[in-house]
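Q: attaching a predicted model along with its sequence, questions to come.
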Amino acid sequence: MYDKDNPLLDDPILLQEACIDYICDNISSICNSVTTESGDQKLQFKEEEIFFHTELSEQLLVRLCEKKKLDDLVLTLFQGETTRLRHVRLSDASKLTVKGLKTLKGHKIVELEALGLTKATVTDLISCLGEWSLQNLRLLNVSNSTFMDSNKFCVVVALAKLRNLQVLNVSNTEFSRTSLDLVVEDLPLLETLDISQTKVNDISPLRKCKERLKSLSLYGCKLPASTSDSVVSVLSELTELVHLDISDDKEDHPPFDILAPGAKFKISTLLQKTDSLPKLHSFDISGKEEIVLSDLSSFLVTHTSLNFLGLVLTEACKDEMFTDENHPDYSTQIVVSGFGTEHQILEALKRYLARPQYIQKTLYYLFKMTTGNYEPKIDMNLPRVDIIFKVLSCAREYPTVFPIQMAATACLFNLSKSDLGAKIHPKILKEIVKADLDAMETFPQHQQLQKNVLLTICSDRILQEVNFDKYRCAKLVLDCLCSWQDHSMNRMSVAICSILAAKISTEETSELGSHASYMKKLLSIVRGRMQEALMDITMKFTLSALWNLTDESPRTCKVFLDEEGMELFLDVLRTFPGESAIETKILGLLNNIAEVSWLRSSLLVDPFIDILRTLLHSSSIEVSYFAAGIVAHLASDKPERWVVAGTPKSVITGELWNVVSGWTYPSEEMVAYRSFKPFFPLLQPKQEEAVQLWAVWAIHHVCTKNPSRYCGMLAQQGGEVVLLELVREASTHPTVSNITDQVLSTMVEQGFLAQEETIKQRKVFVSF
């Protein structure tokens, strides 16, 4: 992902991925809904000859699940005639009923995952499989699904039909001791069993499969402490076990809970039987509080094949035997999950995505390790894309769990801040922003989470170079701005908005700027800084945000005026005389108002015109330029609309001509435009000469400084027609014609205009 010798430019996704995404997002337009003989609805592709091979079919199914678009009707798209499914992964089956699941009958399925199936039972699911699938299914994962029928009975007998099943995951279901009895009897090839967080409280039936059971997961099972000896006895007989998970969540009982400490199976009894479980490779005892290190050490010494040890939510993971490579008992062979080292943290994030308590604590320790002042620390000199991906997975998995989102946003900031962001691919930064905005939207009332997101997004790299939903971001940031009276949050919010407002469409800026609450807040920040005579970065960003939000948005300009923004801005100009950074931004916004003919009357008042005439003669060309723009727009109207008693129109247009004529073109581009359309009324033949001069000078400036962008924009908007009409008019002032000809020549050079057009129908020729 990271090549230090090449720029990190955004690039397109793989074509196959793009096609899959397109299908997922456009199901309704590329498919027809037809009625079957039984009267049910089903989807089919409009292209009759289409066929998806197995890999594509399975990839499409997975992507539909990820996008939360899989329901009964969409599942019917996977008919056996047009698709092939062998490994069915339904990561979110919560919308599916028997009606949709019947589609599975047309496929030869060897592995089936249907997680969160609640509108149909596991029995229903099995009844929807074809005969071949029933005979050949090797893996069934129905975690978080239901076995309960309409009479509230837990029915698992259908599992007995799967005679060749080798892997069964019924975690977090109603599966019980009785159910366990049935599967160990009726599934003769069962080797892997996950009964985590089920109602099983007695594992003695497992003795019946002790010769073949290789993997057993009992995470969160309520195995009473009183049965510790019998539990250990059963486990000791499972001599073929390669993987054993007997982990727990952390004990968190009310003071008088009868299941308080002492109620759960004790791990110490098993650790002391060092001769048990001889083939064990993977052993998870996370969450067990009473681990005696000497017992654990002895157990590890006798289990030389062990390559994984789960110690999350235990103090044991921090012991030197698992953290210090120089410790005599440290083993490079054993991978440990826990909180003691970077490797333990990463292993925990990889293994326990389905366990929110584990994820929450792991992210907490990850945050501490990435701050730079906690030992052990994670080296942050190079970007850790591997860690970012794991954190993003956690954030996506638990969008509504506040502690996880809080920790994830904090970690993502640490992992992408400062120079790190410049070394991370834009695609990854885009995913970070997406996860952050999701959290921001879900938890608007949590100040620190909002601050975490602002800290991450307030980055030039992200705001300028990453492709994300900028309108959504700007809206959420403005909501945040209105919610909190926090100086640092306000500074970041207005900085983000000032940049994003220039990058979204004029329709979107109008939508944002026309919210009176947003306008009130932005103006209140300006007012506060003015009253303190404080010209800080927050003031400048806020003025920039207002300027960009009003750009080509009459609605926003009207809200600005309604909220007494004009009066405030006059006070600001009086408070900060000669401060060109402030004056430029204020005049830029007032220019936007001047472009709206029906709002110009609000500017035609003596106090403002007096200040405007002074700024017109400013030594700063930026200030003078924007002041001149306002004068040009105001003077472009009919003479009777000039209602300023103290300054005749002829006087100010004379000043306008003299000022613009005296400008020297700056070396740098000093303004950016979305459109030239507001200039066209100023360039009409017979218009005031000073008005024409400013408009054509402005167009010439940007078209010569950035010809590739602005010549194309001018041509696209029909600007060459306006300019040609101006130079063909005999009464046009030679100075105006001369500059106009230079703009037309630049358009010819850039290939946006033919040379012949520039001389056609010319009545007056001027020299360059």
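A: Okay, I see it.
Q: could you pull out the helices in the stretch 1-150 of the chain for me?
A: Taking DSSP state H, counting those that start in this stretch to define them, one finds helices in the stretch 1-150 of the chain at 15-25, 27-30, 54-66, 72-75, 98-101, 122-127, 131-136.
Q: nearest to residue 294, out of those helices?
A: Nearest to residue 294 among those is helix 122-127; the distance by CB to CB comes to 44.0 Å. Glycine gets a C-beta too; all of them are placed from N, C-alpha and C.
Q: for that closest one, which outside residues touch it?
A: 97-98, 101, 112, 114, 117, 134, 142, 145-147, 149, 155-159, 161-162, 170, 173 (CB atoms under 8 Å, 6 or more residues apart in numbering).
Q: same question for stretch 53-71.
A: 16, 20-21, 23-25, 27, 52, 74, 78, 83-93, 95-96, 100.
Q: buried only: go through those for me.
A: 20, 23-24, 27, 52, 74, 78, 83-93, 95-96, 100 (16 or more other CB atoms under 10 Å).
Q: that older thread, quick one, which of the helices of the stretch 1-150 of the chain is nearest to residue 353?
A: Taking the helices of the stretch 1-150 of the chain one by one with CB to CB, helix 54-66 is closest: 14.0 Å.
Q: in that closest one, what's buried?
A: By 16+ other CB under 10 Å, the buried positions in helix 54-66 come out as 56, 57, 58, 59, 60, 61, 62, 63, 64, 65.
Q: what do you get for stretch 406-423?
A: Buried-residue list, stretch 406-423, by 16+ other CB under 10 Å: 406-416, 420-421, 423.
Q: now do it, average pLDDT.
A: Mean per-residue pLDDT for stretch 406-423: 94.
Q: put the alpha carbons of it into PDB.
A: Once non-C-alpha atoms are left out, stretch 406-423 reads as follows in PDB (Å, rounded to 0.1, in the frame of the first residue of the first chain):
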ATOM      1  CA  MET A 406     -15.400   6.100  21.200                       C
ATOM      2  CA  ALA A 407     -12.300   4.000  21.300                       C
ATOM      3  CA  ALA A 408     -12.200   3.400  17.500                       C
ATOM      4  CA  THR A 409     -12.400   7.200  16.700                       C
ATOM      5  CA  ALA A 410      -9.600   7.900  19.100                       C
ATOM      6  CA  CYS A 411      -7.400   5.100  17.700                       C
ATOM      7  CA  LEU A 412      -8.100   6.200  14.100                       C
ATOM      8  CA  PHE A 413      -6.900   9.700  15.000                       C
ATOM      9  CA  ASN A 414      -3.600   8.400  16.500                       C
ATOM     10  CA  LEU A 415      -3.100   6.100  13.500                       C
ATOM     11  CA  SER A 416      -3.600   8.900  10.800                       C
ATOM     12  CA  LYS A 417      -2.500  12.100  12.500                       C
ATOM     13  CA  SER A 418       0.300  14.500  11.400                       C
ATOM     14  CA  ASP A 419       2.800  13.100   9.000                       C
ATOM     15  CA  LEU A 420       1.300   9.700   9.000                       C
ATOM     16  CA  GLY A 421      -1.700  10.800   7.000                       C
ATOM     17  CA  ALA A 422       0.600  11.900   4.100                       C
ATOM     18  CA  LYS A 423       1.900   8.300   3.900                       C
END
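Q: any idea how far residue 128 lies from residue 134?
A: Distance of residue 128 to residue 134, computed by CB to CB, to the nearest Å: 10 Å.
Q: lowest-confidence helix or strand of this structure?
A: Ranking every helix and strand in the chain by mean pLDDT, DSSP states H and E puts helix 755-759 at the bottom, with a mean of 76.
Q: convert that helix to PDB, retaining C-alpha atoms only.
A: Output in PDB follows, covering the C-alpha atoms of helix 755-759 (Å, rounded to 0.1, in the frame of the first residue of the first chain):
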ATOM      1  CA  GLN A 755      -8.900  31.600 -34.700                       C
ATOM      2  CA  GLU A 756     -11.400  32.500 -37.500                       C
ATOM      3  CA  GLU A 757     -14.100  33.100 -34.900                       C
ATOM      4  CA  THR A 758     -12.100  35.900 -33.300                       C
ATOM      5  CA  ILE A 759     -11.900  38.000 -36.500                       C
END
